[in-house]
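Asks: can you look at this prediction? I've put the sequence above it.
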Amino acid sequence: MGTPLCDGFGRDVRYLRVSVTDRCDLRCSYCMKEDVTFLPRNQVLSLEELDRLCSAFVTLGVRKLRVTGGEPLVRRNILSFFAAMGAHLRAGRLDELTLTTNGTQLARHAQALAACGVKRVNVSLDTLDAQKYTRLTRLGRIGQVFDGIAAAQAAGLRVKLNAMALKGVNDDEIFALTDWAAGHGCDLTFIELMPMGDIPAGTRLDQFWPLDEVRAHLETRFRLIDSALSTGGPARYVTLAETGQRIGFISPLSHNFCNSCNRVRLTCKGELYTCLGQEGSTDLRPVLRAGIEGAALAREIRAAIARKPAGHAFGYGPCAVAGQMARGMNHTGG
Ligand SMILES: Nc1nc2c(ncn2[C@@H]2O[C@H](COP(=O)(O)OP(=O)(O)OP(=O)(O)O)[C@@H](O)[C@H]2O)c(=O)[nH]1
Ligand SMILES: C[S@@+](CC[C@H](N)C(=O)[O-])C[C@H]1O[C@@H](n2cnc3c(N)ncnc32)[C@H](O)[C@@H]1O
Ligand code: SF4
Ligand code: SF4
């Protein structure tokens, strides 16, 4: 393995998030345009190419791999990729193989994911209201997600819900989501809206809801105890004193966690983005397709990681959004 992957600020990189497709069966309004154009298939790495690239990162010391997208479970034959990564788990080269999903396809894949060594899954669910869910996702039916969560749990997977905190959209559902998660044995994490992708005039400023306010809202009913728990991701956790329930907060805007960043992102085109919130990537596809591997590929990866920026430049001023990324979240991998 040699020296661990380390950036120019002394941060070790142990966590790879790989977007296996930019496609999705939903069109969440904060993530992509309704008439989004997806990448032509010839620009997307084959699963075998993704396997080679991800395996190179594992050889270089990445210990946690999260599969995301787009919707990872809409990619044809994606289970073969999970099986290939599962081999790294079994060999002790990876500590965790997991995925972030909208849950619509989870019912048919949960058992197979568990068989590949996946132990937990993050499911995005911003509302419990069926009509609101369909409006927000433009295409989704909430029953499919509930079925997916149940199937995942039946297969022995732990489920964490990811809910965007959206002012004027789900600000009336914080307790409902909290109670639902508790009642269904799920962890729950709230996420701040980042200015990425298509931003219809005004919507981000209107919808951005700092998580301090969500926390304060929860404090009207619960006593929150800060927890030292870390899952290796960016969430900070609290425990609700009254119920023991765990709630996470991912607040890239109001409490930036870039100082302790341990992760990079690989897109389905083979671009390595060393920061979610900055332009600039290294295209590994030509390298891969030129047959470069082993030490030469490792050098390319190390050089890219050495250039990892200090952090994002996102910000919401009183009437403007700063640091906006034109790139969609489905492209970079959420
Ligand atoms: N700005 C920023 N946001 C991130 C980063 N990683 C994750 N997020 C945000 O957090 C959301 C949820 O992340 P998840 O896919 O659940 O992954 P995670 O938080 O690492 O998951 P755990 O392993 O459960 O801790 C993402 O969709 C992003 O919105 C990051 O490196 N930078
Ligand atoms: C891009 S999706 C990919 C995986 C899968 N399709 C899903 O929805 O879970 C990953 C996560 O990114 C989050 N996300 C999308 N757009 C976002 C934005 N503008 N700011 C913050 N998180 C966003 C989603 O809510 C989801 O939890
Ligand atoms: S957040 Fe996930 S489910 Fe929603 S449109 Fe984006 S990729 Fe699809
Ligand atoms: S914004 Fe960039 S530096 Fe900050 S936590 Fe995310 S990926 Fe890491």
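Replies: Alright, I've got the coordinates. Ligands and ions are numbered 1, 2, ... in the order given.
Asks: residues in contact with stretch 292-304?
Replies: With contact meaning CB atoms under 8 Å, 6 or more residues apart in numbering, stretch 292-304 is reached by 2, 5, 52, 56-57, 59-60, 264, 272, 274, 282, 284, 287-288. Glycine gets a C-beta too; all of them are placed from N, C-alpha and C.
Asks: got the phi and psi for Ala163?
Replies: For Ala163, the backbone dihedrals (degrees, to the nearest 10) come out as phi -120, psi 120.
Asks: tell me the contacts of Asp206?
Replies: Asp206 makes contact with 167-168, according to CB under 8 Å, 6+ apart.
Asks: low-confidence ranges in the stretch 101-250 of the chain?
Replies: Applying pLDDT under 70 to the stretch 101-250 of the chain flags residues 198-205.
Asks: which bits of it sit near ligand 4?
Replies: Pro234 (CB under 6 Å from any ligand atom).
Asks: for the stretch 101-250 of the chain, what spans make up the helices?
Replies: Here the stretch 101-250 of the chain has its helices, by DSSP state H, counting those that start in this stretch, at 106-115, 130-137, 142-154, 174-183, 203-207, 211-219.
Asks: beta partners of Ile225?
Replies: Legend: beta-bridge partners of Ile225 under DSSP bridges are Thr239.
Asks: burial check on it, number of neighbours?
Replies: Using other CB atoms under 10 Å, Ile225 is surrounded by 11 other residues.
Asks: ok, Asp226 next?
Replies: The number of residues packed near Asp226 is 9, by other CB under 10 Å.
Asks: equivalent analysis for Asn77, please.
Replies: Using other CB under 10 Å, Asn77 is surrounded by 8 other residues.
Asks: now do the one 10 residues further on
Replies: Using other CB under 10 Å, the number of residues around Ala87 comes to 16.
Asks: which of the helices or strands spans it?
Replies: Assigned by DSSP states H and E, Ala87 belongs to helix 78-90.
Asks: counting by contacts, list what that helix packs against.
Replies: Helices and strands touching helix 78-90, by 3 or more CB pairs under 8 Å, 6 or more residues apart in numbering; DSSP states H and E, are helix 47-59, strand 64-68, strand 96-101, helix 106-115.
Asks: distance from that helix to the middle of the chain?
Replies: Chain-centre distance of helix 78-90: 19 Å, with CA atoms, centre = their mean, to the nearest Å.
Asks: what comes up buried for that helix?
Replies: Residues of helix 78-90 classed as buried: 78-79, 81-82, 84-89 (neighbour count, 16 or more other CB atoms under 10 Å).
Asks: one step back: for ligand 1, state which of the contacts of stretch 292-304 is nearest.
Replies: The shortest approach to ligand 1 among the contacts of stretch 292-304 belongs to Val264, at 8.7 Å (CB to the nearest ligand atom).
Asks: SS state for that closest one?
Replies: Secondary structure assignment for Val264 (DSSP: H, G, I helix; E, B strand; the rest coil): strand.
Asks: begin at 227, not 1, for the rest of this chat.
Replies: Sure, I'll start counting at 227 from here, so that last one is Val490.
Asks: that one and Phe283: what is the separation?
Replies: With distances taken as CB to CB, to the nearest Å, Val490 is found 8 Å from Phe283.
Asks: need the residues touching each of the two.
Replies: Joint contacts of Val490 and Phe283 (CB under 8 Å, 6+ apart) are Leu242.
Asks: give me the pLDDT for Gly549.
Replies: Per-residue confidence (pLDDT) for Gly549: 69.
Asks: what's the burial count for Val246?
Replies: When neighbours are defined as other CB under 10 Å, Val246 has 27 of them.
Asks: so what pLDDT did it get?
Replies: Per-residue pLDDT puts Val246 at 98.
Asks: next up, the contacts around it.
Replies: Per CB under 8 Å, 6+ apart, neighbours of Val246: 273, 276, 293-296, 298, 301, 304, 307, 494.
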